[in-house]
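[1] Just need the structure, nothing else, for what follows:
(2 chains)
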Amino acid sequence: MATAAHVDEATRLALFRSQLEIRLVEKRAYDLFLQNLIKGTSHLSLGQEAVAAGFAVAMQSDDYTFCTYRGHAHTLARGAPMVGVMGELMGRKCGLMGGKGGSMHLTSVAHGAMGSYAIVGAHLPVAAGAAWSAQVRGTSQVAVCFFGDGATNIGAFHEALNFSVVWKLPVVFVCENNHYMEYTPIRSVTAVEHPAADRASAYGLEHIVIDGNDADVVYRTAVEALGKARSGGGPSLIEAMTYRYSGHSRADPGKYRPAGELEEWMKRDPIALYRARLLELGTPEKALRDIEGALQRAVDEATEAAKACPPSPVDVIDRDVWADGGSSWRN
Amino acid sequence: MAELTYRDAVAAGIAQEMDRDPRVVFLGEDIAAAGGVFKATVGLLERFGPKRVRDTPISEQAIIGAAMGAAMTGLRPIAEIMFSDFLAVCWDMIANEIAKARYMSAGQMTLPLVIRTANGSGARFGAQHSQSVENWAMAVPGLKVVAPSTPADVKGLLAAAIRDPDPVVFFEHKGLYATKGEVPEGEHVDRLGTAKVLRQGSDVTVLALAAMVPRALQAAERLQSEDGISATVVDVRSLVPLDTKTILAETVKTGRLYTVEENPRLCGWGAEIASIVAEECFYDLDGPVVRITTPHVPLPAADALEDATVPSVDRIVETIRRTAG
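    Residues are numbered from 1 along each chain as shown, chains lettered A, B, ... in the order given. Predicted coordinates for the structure are as follows:
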């Protein structure tokens, strides 16, 4: 796949801003866990921000994002407000779903974030359906579906790929290969080295493996795949190599990783790498500091706003099962 | 009125709605070029074209997932799962994804979709192609559940299901596909959540669903002529929403309630109704609620075994005769 598209400065700053926003919100989410203000579980994307940012910046505002329970990054990258995300994690009324979904189900339809799916692989067919809908309605929309390496070994992955290719759907499947399916190295439970890309040929698709820690590479790849989908060229399957700094979830300290592995990946931190590139290309240090300062203030303000927001009222429990707003199953 | 078979009423209902609303699309295995393995969708491909009537691979998760994705983005898909037994293959999509998306998103998503499936016994297909699984769907919050017994109800309730803004699991009964009945000419749209009183009696009230409805009606005729027992027969039609008003009113009138259920015994739909009746009109009952069900076994294949497993007219008559006195 050609990756020659020029990345202009405005786009580069958008990529930097998006990655940093995700990083700062997720670090704050981690702190709020330690303060017991966020309950339940949480799956952070620390270290994987370039994938979410690279695609979101390349997408049209009416494109669809489908992601997994590790979905804070993708939801923020599409423009969902920080206070809505943090409010949802904290179970507050101001949460994106008023506390009914929680960390693993962030959804903001107004921003094209069509749900975070917590059953591994389930959303690949759903993304195919959204792409089918765009095809039937004759729009230029594309559905982009993010999933982990672990999802490549479940049936829905294979069903969705075959189905999407046969129907030539405008969908882009993006495997974020962070090397671990939960607590187990993906290579130890998978028949091939590249769990997504090495399966692509089975569906007549190109073998695409990219550096998922380089936002420019992700962005260029996204532009290419989105363009192909929009012009009727059908689906793509992209495997982005990356690494998560934290464990699988809140409960996991990640002790199964060999000594030194995390440190090696942190040397290739997507945000540090991108910041250095921007400086090298002539963006003034002050411009970056301004972005960093503004984002940090925004995260602080969103944190305070979410903390100040009341808990979700219990009267939402029996709302919104049905389209009439209620939950009645009898007369 | 025109006489249609139950299977032709399926195609008629879909065609009526596809004609009316360009957002209605239809996908499933063998549904387009082949017209369905039960021939219930013959002619739809020719009439509406391959963009709206589309054959799929044998990929139930993809079929149901695609219906979900299409529904949340502006279409009104109808997905066919060839045999209701195969719902288990895509149950995650139905029970975890479709049923919950609206609730978990606090109403951001609406999923107007219909899952049609062939349910029930009669074809001697054995335990993986003849089950009655309507109670599986009934147990999941967020799904509407419909099971018609006549061609008119197939057309009218299918049209209502397609127009409904929520996910509907529509159980057609494969033992009824060849049956015939009068169907209103022109546009015919029924209402979900409504039971129908088919026969008014004074001694006992019998609730039945799908293929158990004609058996309950035959049993009622025999009880009248052979025993002088006068039975009300109610076609429940819709399990979710459940027409408890009609069910409770008809129960109170006779004081004796029977359910005839093709699903296996445990947690069958009649158990929920028996519980509602016990809570809300216990003192109007003149005897215990009696459930006539398939026993709690997988369904056997051989004709004699299948016949002895699923509630028959004989079993309904004998049970009511023995207990109604």
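[2] Next, the contact list for the residue of the stretch 201-331 of chain A found nearest chain B, please.
    Nearest residue of the stretch 201-331 of chain A to chain B: A:Ala323, at 3.5 Å (CB to the nearest CB). Where you see a C-beta, it was placed from the backbone N, CA and C, and this is true even at glycine. If you count contacts by CB atoms under 8 Å, 6 or more residues apart in numbering or on different chains, A:Ala323 has them with B:102, B:110, B:112, B:165-166.
[3] run the last query once more with 7 Å
    Neighbouring residues of A:Ala323 by CB atoms under 7 Å, 6 or more residues apart in numbering or on different chains: B:110, B:165-166.
[4] Equivalent analysis for B:Cys267, please.
    By CB under 7 Å, 6+ apart, the neighbours of B:Cys267 are B:135, B:139.
[5] now B:Asp21
    Listed by CB under 7 Å, 6+ apart, the contact set of B:Asp21 reads B:Arg76.
[6] Which pLDDT value belongs to it?
    What the model reports for B:Asp21 is a pLDDT of 98.
[7] Which strand or helix spans the nearest residue to A:Asp214 once chain neighbours are set aside?
    Once flanking residues are discounted, A:Asp214 sits nearest to A:Ala50: 6.3 Å by CB to CB, 6 or more residues apart in numbering or on different chains. If you go by DSSP states H and E, A:Ala50 is part of helix A:49-58.
[8] Averaged pLDDT, the following helix or strand past that helix. What do you get?
    Later in the chain than helix A:49-58, the nearest helix or strand by DSSP H and E is strand A:64-68. For strand A:64-68, mean pLDDT is 97.
[9] CA atoms only for the following helix or strand past strand A:64-68, dumped as CSV, please.
    Note on strand A:64-68: by DSSP H and E, the next helix or strand toward the C-terminus is helix A:72-77. Presented in CSV, the C-alpha positions along helix A:72-77 are these (Å, rounded to 0.1, in the frame of the first residue of the first chain):
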residue,chain,number,x,y,z
HIS,A,72,-11.7,5.4,25.6
ALA,A,73,-9.1,6.4,23.0
HIS,A,74,-11.3,5.9,20.0
THR,A,75,-14.2,7.6,21.5
LEU,A,76,-12.2,10.7,22.4
ALA,A,77,-10.4,10.7,19.1
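[10] tell me what helix A:72-77 is packed against?
    For helix A:72-77, the packing partners by 3 or more CB pairs under 7 Å, 6 or more residues apart in numbering or on different chains; DSSP states H and E come out as helix A:9-34, helix A:49-58, helix A:82-89, strand A:113-117.
[11] Could you dump the ones you listed into a markdown table and include mean neighbour count and mean pLDDT?
    What follows is the helices and strands packed on helix A:72-77, written out as a markdown table (neighbours: other CB atoms under 10 Å in any protein chain shown; pLDDT from 0 to 100):
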| stretch | mean neighbour count | mean pLDDT |
| --- | --- | --- |
| helix A:9-34 | 19 | 96 |
| helix A:49-58 | 29 | 98 |
| helix A:82-89 | 25 | 97 |
| strand A:113-117 | 29 | 98 |
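[12] Generate a markdown table for these, with distance to B:Phe38 as supplementary columns.
    What follows is the helices and strands packed on helix A:72-77, written out as a markdown table (distance: least, CB to CB, whole Å):
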| stretch | distance to B:Phe38 |
| --- | --- |
| helix A:9-34 | 51 |
| helix A:49-58 | 43 |
| helix A:82-89 | 45 |
| strand A:113-117 | 33 |
